[in-house]
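# dropping the sequence and predicted coords here.
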Amino acid sequence: MKSLCLRHAIAISIMSSTAAESQSRRGDIVRMLDERRVMLRDMAGTPRETVNVLRQKYRVPLSFISLVGEKSEPVQLREEELPLREALDELIRTRDAYTYSLLGDHLVVYPKSESYKKVVKVKIRNLPRLEATSAFVEHLKQTDTEFGNLISPVMKGDPRAPLYTDPVSLPEEGTVLEHLAALLGDDLNVIFSIVDGPRSDTRLFVLEQVKSSNNAEHVKP
């Protein structure tokens, strides 16, 4: 009986610690939204260019899904420094085909498309991130024709890098967008992109990492 009680107490302690860590990570993101300052003129490019600037210059771990066949033009923005949250609101205001959300601990800019609100069921538990991502992409391709041309991420660099090997688990049921965010796991600096490929009939899924330094580690898709 004592052994059972001890195991129960340990399980509760682990769950409490995990919840506290999750709240702490989310708090870090909320503080970043409110405290990190961004020059609005740096966000005048296309949505994809703007996301790259936020990642590289301002070290914002921001995932991004582009419109299919996007032909966006740069926009005129005023000279002003704003908190990141207000700058993202301005990004969405000037490009009304997009929105953004804080999903768990991860910021994502994505199109206002019903495709990403669809609920899907999967069984992907405790797999290395690259393997889990490939499995989820294949699931989408097999179950939804809208994702039929999506190409799984390709490993670049060290195959032992945490970007590829950290274990992640997806909820058994959730929206496409929630599952995409879950692939990022607990690392706030891991991000993804879904963008048009070099051929007009392909879409690329890219895993990346923004480092907490003066320069972001970024591999252009």
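That came through, no problem.
# the residue nearest the centre of the chain is in what secondary structure piece?
The centroid of the chain falls nearest to Ser63 when counting by CA atoms, centre = their mean (3.5 Å). Taking DSSP states H and E as the definition, one finds Ser63 inside strand 62-65.
# chain center to that strand: distance?
The chain centre lies 5 Å from the centre of strand 62-65; the measure is CA atoms, centre = their mean, to the nearest Å.
# mean confidence score for whatever helix or strand comes next after it?
Of the helices and strands lying after strand 62-65 in sequence (DSSP H and E), the nearest is strand 81-83. Averaged over strand 81-83, pLDDT sits at 92.
# now do strand 81-83: which elements does it pack against?
Judged by 3 or more CB pairs under 8 Å, 6 or more residues apart in numbering; DSSP states H and E, the packing partners of strand 81-83 are helix 2-35, strand 37-39. Every residue, glycine included, has its C-beta placed from N, CA and C.
# can you tell me which of those the model trusts least?
Minimum mean pLDDT among the helices and strands packed on strand 81-83: helix 2-35, a mean of 62.
# any low-confidence regions in the protein?
Within the chain, the stretches with pLDDT under 70 are 1-25, 212-221.
# make it 80
Applying pLDDT under 80 to the chain picks out residues 1-27, 71-78, 200, 211-221.
# quick one: the strands in it, in order.
Secondary structure of the chain (DSSP state E): strands located at 37-39, 62-65, 81-83, 98-103, 106-111, 119-121, 127-128, 150-151, 167-168, 173-175, 190-196, 203-209.
# what pairs with the fifth one, parallel or antiparallel?
Its sheet considered, strand 106-111 pairs with strand 62-65 (parallel), strand 98-103 (antiparallel) by DSSP bridges.
# returning to what we had before: nearest to Arg160, out of the strands of the chain?
The closest of those to Arg160 is strand 127-128. By CB to CB, the value is 10.2 Å.
# Asp89: neighbouring residues, count only.
Asp89 has 13 neighbours, counted by other CB atoms under 10 Å.
# what's the answer for Val75, then?
Burial measure for Val75: 16 neighbouring residues, criterion other CB under 10 Å.
# check contacts around it.
By CB atoms under 8 Å, 6 or more residues apart in numbering, the residues touching Val75 are 44, 94-95.
# among those residues, which lie within helices?
Thr94 (DSSP state H).
# show me just the buried residues among the contacts of Val75.
Buried by 16 or more other CB atoms under 10 Å: 44, 94-95, out of those.
# need these in a markdown table (columns: distance to Arg59).
As requested, the buried ones among the contacts of Val75 are exported to a markdown table (distance: CB to CB, whole Å):
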| residue | distance to Arg59 |
| --- | --- |
| Ala44 | 20 |
| Thr94 | 23 |
| Arg95 | 22 |
